[in-house]
Every structure is written in C-alpha cells, then in structure tokens.
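>>> Provided below are the primary sequence and the corresponding predicted coordinates.
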Amino acid sequence: MKINIIKATASDAENIAKINVSSWQKTYKGIFPKEFLDSLSNDESLKNTILRMQENIKKDNNYLVAKLNDKVVGFCKIGSSTKDNYKNCGEIIALYVKNEEIKKGIGEQLFIAANNLLKETYDYNIVSCIKENSSNNFYKKMGCVFIEECDFNLNGNIYKENLYKCP
C-alpha cells in the first residue's frame, strides 16, 4: 500500500473536514456531549468547517494529507504550539485517519512526516491527547514522552489532556 504524504490544497478541505467530523464522532463518543458531536455533521456546521479549512490552507498551508490512490485517507494539522507554556515549539495540532483506514500505518506515516517537517523550524515538538482517548497509546508507541496533564476547554467544559514531547 503506497501512501503519499503531501501538503494539502484547498480542494482537499472537504475530505479533511469529513474525516475530522467522523473521527471526532467516533473517538470522542462518551467523552464529549452527544449533542455537540451530533451537531458537527449538520450541513451548516460542516460547510463552515470546510470554508474555515480552505482559508487556513490558503493562508498558512499547515495541513498534510495522506493519500491512497489519490484519495485523502488522513490528515495532520501542524504549526506553532497552541499551549501557553510551550510557545516556542512546534505542535502536531490534529492527526486523524479515516475510520475504515485505521491500523494500516497511515497515522504513523503522517506523524513521522509532520514531526520531521516541524523539526525544520522548531527545537522540539509537542502533541496533546484527551486523557480518555485511546490514541494516547499511539503517541507512546511513536516515542512520545509524557510531559504533563493540562486542560482542554470545549464550549466551556474542561477536559484533561496528556501533553507529550515528540521524539
């Protein structure tokens, strides 16, 4: 299976948004409120997400996509850290793979490509993961080292997330 990891283009935004929504709905079921997760896939919300991603890609181009047979099967958003105490490092802000393509090595390839790209600019990189998310095991497997627990605010609700230093 030949996966190509490339910079996203604005035309990839719809596929990125759909993967993002379906991944959130599966990954965070039972963690985030059902009403919130359900609202992600309504037409207006999805349309707004696509437009936001298109603008972000045009402006910063900080998305990588994994393509299999020219179809987007995963994505990664990278950039300057969004965490207050880690402003001078890079961050893997989001990494999701199509639900039916999980456990095929796509996430690993995206992680490595993103981490290597960030290393060109930053001394070190971080990634965070909601505490209850099984992806914590993925980041440990990829060589990430736990730094600390921090808060994640979603619509006024505070969730705990694990913060890792990337290898």
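Structure's in. What do you need?
>>> going forward, measure contacts and count neighbours with C-alpha atoms only.
OK.
>>> At which residues are the helices of this protein located?
13-27, 34-39, 43-59, 106-119, 135-141 (DSSP state H).
>>> and the lowest-mean-pLDDT helix or strand in the chain, what does it pack onto?
Least confident element among the helices and strands of the chain, by mean pLDDT, DSSP states H and E: helix 43-59 (a mean of 91). Here helix 43-59 touches helix 13-27, going by 3 or more C-alpha pairs under 8 Å, 6 or more residues apart in numbering; DSSP states H and E.
>>> May I have the residues that are in contact with the residue nearest to residue 151 when sequence neighbours are not counted?
The spatially closest residue to residue 151, leaving aside those adjacent along the chain, is residue 160, at 4.9 Å (C-alpha to C-alpha, 6 or more residues apart in numbering). By C-alpha atoms under 8 Å, 6 or more residues apart in numbering, the contact set of residue 160 is 130, 131, 149, 150, 151, 152.
>>> now residue 142
By C-alpha under 8 Å, 6+ apart, the contact set of residue 142 is 108, 167.
>>> Out of the helices of the chain, which gets nearest to residue 166?
Each of those was scored for nearness to residue 166 using C-alpha to C-alpha, and the closest is helix 106-119 (7.3 Å).
>>> what's the average pLDDT for that closest one?
For helix 106-119, mean pLDDT is 97.
>>> Provide the count of other residues in contact range of the residue nearest to residue 146 when sequence neighbours are not counted.
Leaving out its chain neighbours, the residue that sits closest to residue 146 by C-alpha to C-alpha, 6+ apart is residue 164, at 4.4 Å. The number of residues packed near residue 164 is 22, by other C-alpha atoms under 10 Å.
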